[in-house]
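S.K.: Sequence plus predicted model, see below.
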Amino acid sequence: MGSEGPAPVVAVHVTGFKKFHGVAENPTETIVNNLQSYMNKRGLPKGLILGTCTVLETAGQGAIVPLYQTLQSSLSKDANVPNSNRVIWVHFGVNSGATRFAIEQQAVNEATFRCADEMGWKPQRVPIVPADGGISRFRETSLPVKELTKSLAKMGYEVTASDDAGRFVCNYVYYHSLRFAEQNGIKSVFVHVPLFLTIDEETQMQFAATLLEILASIY
């Protein structure tokens, strides 16, 4: 009998978005809703727990309230899991004009929506968190984006690292999540995916599952 303790556990929580202007069917809603069953069939790697899978409204304020509720409740649940001091939040959003996956390095403290969100809000050059300062302030993920991108590319996925998550709801949610992550000692990353017309659903499900497995292995 060895005296080593249990292996560290990585708890991963994911979010996606519902439909919005110009995108009647958001692929991230499908990905997030199906991820638990997909991962169970695929087989969760040792040391990985898939926690909450939440689909958010594509609206600034409409997304933030449930986001913070799930962030807070997940911290409480993870605290009850032995050795799960490693928590990663993975946010999926769609870029309808993209031809590949994009892992976002940072979010900017600026809300400038090109169209009204699903609650009718259309901010222009507004700080997301006024207490953080002006709209030029940005926050970076502490996860190794370039390493992640290289690992996924080696597996055949069309993927790139990005330093511009836009200024719409994706960036809005990512900024809040990065701020929360920094305050609570956890990790956060945002991934933009194309439409299913560009990269089919099965490939996107495989990509999402592979991403979680890599994250669990490097954290």
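M.R.: Received it, and whenever you're ready, just let me know what you need.

S.K.: could you check the distance from Gln206 over to Ile199?
M.R.: Separation of Gln206 from Ile199 (CB to CB, to the nearest Å): 10 Å. For glycine as for every other residue, the C-beta is placed from the backbone atoms N, C-alpha and C.

S.K.: and those two? which has more neighbours close in?
M.R.: Ile199 (19 against 16; other CB atoms under 10 Å).

S.K.: Next, give phi and psi for that one.
M.R.: Backbone geometry at Ile199, expressed as degrees, to the nearest 10, gives phi -130, psi 120.

S.K.: Contact partners for it?
M.R.: When contacts are counted by CB atoms under 8 Å, 6 or more residues apart in numbering, Ile199 touches 100-101, 158, 193, 207.

S.K.: just these now: which is nearest His91?
M.R.: Nearest to His91 among the contacts of Ile199, counting by CB to CB, is Val193 at 10.9 Å.

S.K.: hmm, back to that, how about JSON lines for the contacts of Ile199, with neighbour count and secondary structure added?
M.R.: Shown next, in JSON lines, are those (neighbours: other CB atoms under 10 Å; DSSP: H, G, I helix; E, B strand; the rest coil):
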{"residue": "Arg100", "neighbour count": "16", "secondary structure": "coil"}
{"residue": "Phe101", "neighbour count": "25", "secondary structure": "strand"}
{"residue": "Glu158", "neighbour count": "16", "secondary structure": "coil"}
{"residue": "Val193", "neighbour count": "24", "secondary structure": "strand"}
{"residue": "Phe207", "neighbour count": "22", "secondary structure": "helix"}
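
S.K.: got these as a markdown table, with pLDDT columns?
M.R.: Listed next are the contacts of Ile199 as a markdown table, based on pLDDT from 0 to 100:
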| residue | pLDDT |
| --- | --- |
| Arg100 | 98 |
| Phe101 | 98 |
| Glu158 | 97 |
| Val193 | 98 |
| Phe207 | 98 |
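
S.K.: would you turn the residues you listed into TSV with distance to His21?
M.R.: Shown next, in TSV, are those (distance: CB to CB, whole Å):
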residue	distance to His21
Arg100	23
Phe101	22
Glu158	26
Val193	18
Phe207	25
